[in-house]
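J.: Fold the following.
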Amino acid sequence: MFTFLLVVQAIVAAMLVTVILMQKSEGGGLGVGGSPSGFMSARGAADFLTRSTTVLATIFVSLSIVMAVIASVRHAPTDIDTSLVKQAPATQGAPAPAGSADPLGSAAGNAAAPASNGAVPLAN
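T.: Got it, this is the predicted structure:
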């Protein structure tokens, strides 16, 4: 369904670009113009191109909203992946004695000592 809507969206976008480029701008632009003896008069061509631009733009915006809703519902996460969460180590370092190598004194005496392998201990 999404792929079909995506193809329709691309076709509508191409048609919208074509219709916009066919319109006559104030500076001349890429307008095809029209002669009174041609297929459509200049006024009739302008009305047709203006209306078709409005219709195509409305279809384009509507398709964009529908596709956004379909994409958000289809790819919504159903559960939280916890496979990358680190587990706490089973053993922690022993607490340091109150007066040994503690420059702050007893205020930080309850912090765990660094592990022998150089790892930083977890906070209590």
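J.: just for this structure, where's the confidence low?
T.: Applying pLDDT under 70 to the chain flags the ranges 26-45, 76-77, 88-119, 121, 123-124.
J.: Output the longest helix belonging to it.
T.: In the chain, with assignment by DSSP state H, the single longest helix is helix 42-74.
J.: I'd guessed residue 24 sits against residue 46; true?
T.: Yes. With contact defined as Cβ atoms under 8 Å, residue 24 and residue 46 form a contacting pair (7.2 Å). (C-beta placed from N, C-alpha, C; glycine too.)
J.: residue contacts, residue 61?
T.: By Cβ atoms under 8 Å, 6 or more residues apart in numbering, the contact set of residue 61 is empty.
J.: likewise the one 3 residues further on?
T.: Counting by Cβ under 8 Å, 6+ apart, residue 64 makes contact with residue 9.
J.: now it: how far from residue 10?
T.: Remark: distance between residue 64 and residue 10 (Cβ to Cβ, to the nearest Å) = 12 Å.
J.: Kindly report the same for residue 4.
T.: Going from residue 4 to residue 10 by Cβ to Cβ gives 11 Å.
J.: Pick out whichever of these two has more residues nearby.
T.: The neighbour count for residue 4 versus residue 10, taken as other Cβ atoms under 10 Å, is higher for residue 10 (11 against 8).
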